[in-house]
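Colleague: following is a predicted model, sequence given first.
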Amino acid sequence: MERDAEPGGGTSVRDERWPRWGGRLAYASEAEGIARPRTRRIMRVVGPAMGIVWAVFLLQPWQAAWDATPGVERILSLVAIAGLAVSFGWVVLTQAGPHHGRSPDPRSAFVLLQQVVLVAVACLAADEQGLVGLVFVCVSAVFLLRDPRALLMPVLASVAVLVLPRIVPGWQTIDDLIISIFLASVAVYGFTQLVQRNRQLALAQDEVAVLAVERERERIARDMHDILGHSLTVISVKAELAGKMFDVDADRARAEIAEVQALARAALADVRGMVSATRAVTLAGELAGARQALDSAGVEADVPGTVDQVPDDLRELFAWAVREGTTNVLRHAAASRVRVTMTGDTLIVDDDGSGPANTDLVPGNGLRGLTERARESRARVVVSPSPLGGYRLLVTRDR
């Protein structure tokens, strides 16, 4: 029922953050938006730098290879240790930090296999000291795989540290290396999980901020439609009546124009009150305004004279319903009679206007806004053909 759709109705509000609550929402969000990228830039530098510093521990196998007998094996070991340092630095620079995603890198298997080969080559001259490189292989696995599977690598590395020195002639046992392997792997795994959780939290905060802006925009659009739609409709009716009465009854025409001016000032005050979040509608006021607007349009109005039977928590909702029903009658129904019926938990607005052309009643902007308000009050809105021959707008509390 596209009864209250109007050009630009409820859609012309600018998409911007209104400075509500003394500007706290708008300006706090702006400050967070400035601080967050700055923090991310710092972490992109500090985090990888702290990771690369670990490469200094490769000095131990490097020294062992350097002290070995000169020859091809010594050269290959030194090159392998340098290559492992480069590979580890690449992993830290490209895979660590908040800017990297959660999914594993497709090159993970190749990089890890390459590092294992470099560790094996390093052992040609560095002997058991070359196994220190397994610490960097395990840390690289955590950065590359980014899931609990990476913790299998320290287990395999520990087996290698325990077995190889005992079966390779001339090697010394270095069982204490197992502690370094597990400590480094668990620490880096915890670090990556913390980074991922912080990243998820930042994304969630951004999403909440976007949803808050969307809800605020919808609230403003709904209020603009409900407030200005009704006021401008009454102003249009009275201005048209004043034009017709100008040559017949000049005094009546001047009185109608004066009321138009008063309604325009009231509409301006309503808009100002809405922006400052101080405006409130009252059921008694809306009933009186509906009677006056309908009388001015020559529509017979049967409106209750008291609101005592309506509970306090439903009065504002019923006030918006009266406003929406009156606006639709004046704008679309071409009715000669309107009846407003009200009980403790139900409000009905009937008219004898044109009525629905078919049974497919599609709500317009005003009815959608009223439905949202009703949902917040645990009530519902039903639009149907009226016994009077036109439309019926029913608002009732869900039982």
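Modeller: Cool, got the structure. Note that the structure is predicted; figures quoted are calculated from it, not measured. Residues are numbered from 1 along each chain as shown.
Colleague: the one residue sitting closest to the centre of the chain and Arg215, how far apart?
Modeller: Nearest to the mean C-alpha position of the chain, by Cα atoms, centre = their mean, lies Glu207 at 2.8 Å. Glu207 sits 12 Å away from Arg215, going by Cβ to Cβ, to the nearest Å. Where you see a C-beta, it was placed from the backbone N, CA and C, and this is true even at glycine.
Colleague: the chain: strands as residue ranges?
Modeller: With strands called from DSSP state E, the chain shows them at 300-302, 337-342, 346-351, 379-385, 391-397.
Colleague: listing partners with orientation, what would you give for the last one?
Modeller: Spelled out, it's strand 391-397. strand 346-351 (antiparallel), strand 379-385 (antiparallel) (DSSP bridges).
Colleague: and the ones you listed as TSV, adding mean pLDDT and distance to Val260?
Modeller: Listed next are these as TSV, based on pLDDT from 0 to 100; distance: least, Cβ to Cβ, whole Å:
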stretch	mean pLDDT	distance to Val260
strand 346-351	92	24
strand 379-385	90	30
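Colleague: let me know the pLDDT of the nearest residue to Asp350 once chain neighbours are set aside.
Modeller: Spatial nearest neighbour of Asp350, excluding adjacent residues (Cβ to Cβ, 6 or more residues apart in numbering): Ser386 at 4.2 Å. Looking at Ser386, its pLDDT reads 88.
Colleague: I'd like the distance from stretch 69-80 to the chain centre, please.
Modeller: What separates the centre of stretch 69-80 from the centre of its chain is 57 Å, taken as Cα atoms, centre = their mean, to the nearest Å.
Colleague: actually stretch 286-302, not the one I typed
Modeller: 43 Å.
Colleague: and that stretch, which residues are buried?
Modeller: Glu286, Leu287, Gly289, Ala290, Arg291, Gln292, Ala293, Leu294, Ser296, Ala297, Val299, Ala301 (16 or more other Cβ atoms under 10 Å).
Colleague: any idea which of those the model trusts least?
Modeller: Ser296 (76).
Colleague: so that residue versus Val195, what's the distance?
Modeller: For Ser296, the distance to Val195 - Cβ to Cβ - is 66 Å.
Colleague: now swap in Ala160 and tell me
Modeller: 29 Å.
Colleague: same check, this time on Leu93
Modeller: Applying Cβ to Cβ to Leu93 and Val195 gives a distance of 15 Å.
Colleague: likewise Leu388?
Modeller: 66 Å.
Colleague: can you check Arg380 too?
Modeller: 46 Å.
Colleague: quick one, which of those two is more surrounded?
Modeller: Using other Cβ atoms under 10 Å, the more surrounded residue of Arg380 and Val195 is Val195, with 19 against 13.
Colleague: tell me the pLDDT of that one.
Modeller: So Val195 comes in at 74 (pLDDT).
Colleague: same deal with Val340?
Modeller: 92.
Colleague: again, but for His100
Modeller: Turning to His100, the model gives it a pLDDT of 49.
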